[in-house]
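Chemist: would you be able to build a 3D model of this:
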Amino acid sequence: MQAVKNGDTVKVHYHGRLTNGTTFDSSEGRQPLEFKVGAGMVIKGFDNGVLDMKPGDKKTVHIPVVEAYGPKNEELIMDFPKANLPEDLKPEIGMELQMSNPQGNVFPVKVVAVKDEFITLDANHALAGEDLVFDIELVEIV
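Modeler: The predicted model follows:
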């Protein structure tokens, strides 16, 4: 039976969680995730985790921060003047917003603090700074 190698397109079911056991994503109830191994379509640790698997194989992969979404970047945490917000927006901690940079690229940010004159926004990926654990089942090598 053929084993997964770089360049293969595969279909997998997965259950992703933090090291404390909190689930952040799962393919349960959905179609398997399809991606080309080694093409950068998924995080490096997930790519590496499916190598050498055969259809029907199941395994648990522990992915360190550097092979996941990287460490939190403090430069992506910024204060934003409340005066520049739409009048009808009442910011709350945990609220997700979208911003755009001067080039017009839109990116998500999360409100992490609300002060009198400013709100603090975090543009890091929600899983930045986290080690991840995935239960992976290889469904098919396409």
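
Chemist: and the helix-or-strand element of the chain with minimal mean pLDDT, how far from the chain's centre?
Modeler: Here the helix or strand of the chain ranked lowest by mean pLDDT, DSSP states H and E is strand 96-100, holding a mean of 90. Put simply, strand 96-100 sits 17 Å off its chain's centre (Cα atoms, centre = their mean, to the nearest Å).

Chemist: now do stretch 48-55
Modeler: The chain centroid and the centroid of stretch 48-55 are separated by 20 Å under Cα atoms, centre = their mean.

Chemist: likewise for stretch 108-117?
Modeler: In terms of Cα atoms, centre = their mean, the centre of stretch 108-117 is found 21 Å from the chain centre.

Chemist: so what's the residue nearest the centre of the chain up against?
Modeler: Taking Cα atoms, centre = their mean, the centroid of the chain lies closest to L127, which sits 5.4 Å from it. Taking Cβ atoms under 8 Å, 6 or more residues apart in numbering, we find L127 in contact with F24, A68, Y69. For the C-beta atoms, the positions are set from N, CA and C on the backbone; glycine is no exception.

Chemist: this completes my enquiry, with thanks.
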